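Visitor: quick one, what's the 3D model for this:
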Amino acid sequence: MGVGFFEALPFFPACLSLSPARNRKKGEGWAGVLFFVALAGCSPAPQPIRIGAASTLRDVLTPVEQEFGGNAVTITFAASGTLTRQMENGSPYDILILADKTMGEGLHKKGLEGVPRPWISTPLALWSISGITKLVDLKGPEVKKIAIANPETAPVGKLAVAALKDAGVWDSIQPKIVYGANAEAVAAYAKSGNVGAALVSLSLAVSATNGQSVPIPKSPPMKFWVQTNPNARENTGLIVGNLYSEKVIHSAIDMGYSRMTP
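Guide: The predicted structure follows:
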C-alpha cells in the first residue's frame, strides 16, 4: 500500500503511523488525526545526559554509561583543559568531572557549572619497562623516551612536570620527553612500548602490564571534582547520585583510587 495523502505532507510527523485506507470507512478518523497533529504532534525523544570527564576516568565511568545505557547517558573523555574550553564555547555538558578544581571554579564563577564537589583521587605514578623506582634514574642511558601528558591542558601533565622539577631532573631529561594529548595517550605510549618510562595516574599506569608501576610518594595525587550544570537535563541528579554510590566508589577503589572527603 502506498503512502497516504496525509503521511506524504511535509509537516506530517514521522512518528505517527496511520492505518491503511482500506481499513477505514470514507472520511472516518481524519478529523481526530488532524486535531491530534495540530495540537499535540509527537513528543521528542528524551536527550541523553551528557557527561564531560577527564580521560583518566574511562575505566571508572564506562560501567556507569553501560548501566544506564547509551540512550540515557553519553560520556566524552578528554583533558580537563580541553573540556573547560568546550564548556566556555557552549558545549552543553550536564555533568563535568575535571582533574583541576581551579578550572572548575572558573566555570562556576562564569555561571556555566555548579560548585566543584570532591569525588575520588589517585596517586601520580612512575611507569617503566626497566623497573626503575626513582625519578632520578630517568637520567640513565637505558631510558630513551619519557611520556607525560601535555601540561598546558592536562592536570596530570602539570603534576608530572612539578614532580620532575622537585626531583631535580627536569632540565636534564627534557630532550627525552614525549607529550601525550591526555592521560590516556600517555598510557597508550606505555602499553605500546614506544617509551621507556611514563608519568601518569596510578590507575592508568597499572593497566600497562608490560612494565612496572610505583607511586611517586612526594607528589600530590590527582583529584577529581564533580560539577552539575545549572541548566542540566532532568534526571541529572540521579546520575550524580550514582557516581557517589558505594558501588561506584568501591569499584574505583579497586582500580587504584581513593574516596575524597569534603
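
Visitor: which residue ranges of the stretch 101-250 of the chain form strands?
Guide: For the stretch 101-250 of the chain, the strands defined by DSSP state E, counting those that start in this stretch cover 117-122, 124-128, 146-149, 177-180, 197-201, 212-215, 222-228.

Visitor: just put those in a markdown table and tack on mean neighbour count and distance to residue 64.
Guide: For the C-beta atoms, the positions are set from N, CA and C on the backbone; glycine is no exception. What follows is these, written out as a markdown table (neighbours: other C-beta atoms under 10 Å; distance: least, C-beta to C-beta, whole Å):
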| stretch | mean neighbour count | distance to residue 64 |
| --- | --- | --- |
| strand 117-122 | 21 | 12 |
| strand 124-128 | 25 | 24 |
| strand 146-149 | 27 | 23 |
| strand 177-180 | 18 | 24 |
| strand 197-201 | 30 | 18 |
| strand 212-215 | 18 | 25 |
| strand 222-228 | 24 | 12 |
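
Visitor: can I get those in TSV including distance to residue 162 and mean pLDDT?
Guide: Shown next, in TSV, are these (distance: least, C-beta to C-beta, whole Å; pLDDT from 0 to 100):
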stretch	distance to residue 162	mean pLDDT
strand 117-122	16	97
strand 124-128	9	96
strand 146-149	11	98
strand 177-180	14	97
strand 197-201	10	96
strand 212-215	15	94
strand 222-228	12	97
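
Visitor: those strands: which one's closest to residue 84?
Guide: Among the strands of the stretch 101-250 of the chain, strand 222-228 comes nearest to residue 84, with 10.7 Å by C-beta to C-beta.

Visitor: and the closest one, what does it pack against?
Guide: Packing partners of strand 222-228 (3 or more C-beta pairs under 8 Å, 6 or more residues apart in numbering; DSSP states H and E): strand 95-98, helix 101-109, strand 117-122, helix 155-166, helix 236-243.

Visitor: any chance of the ones you listed in TSV, plus distance to residue 205?
Guide: Shown next, in TSV, are the helices and strands packed on strand 222-228 (distance: least, C-beta to C-beta, whole Å):
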stretch	distance to residue 205
strand 95-98	20
helix 101-109	23
strand 117-122	9
helix 155-166	11
helix 236-243	23
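
Visitor: follow-up on the earlier one: wait, which of the strands of the stretch 101-250 of the chain is closest to residue 135?
Guide: Of all those, strand 124-128 comes closest under C-beta to C-beta, at 6.4 Å.

Visitor: now for that closest one, which elements pack on it?
Guide: Judged by 3+ C-beta pairs under 8 Å, 6+ apart, strand 124-128 is in contact with helix 155-166, strand 197-201, helix 202-205, strand 212-215.

Visitor: with that, I have no additional questions.
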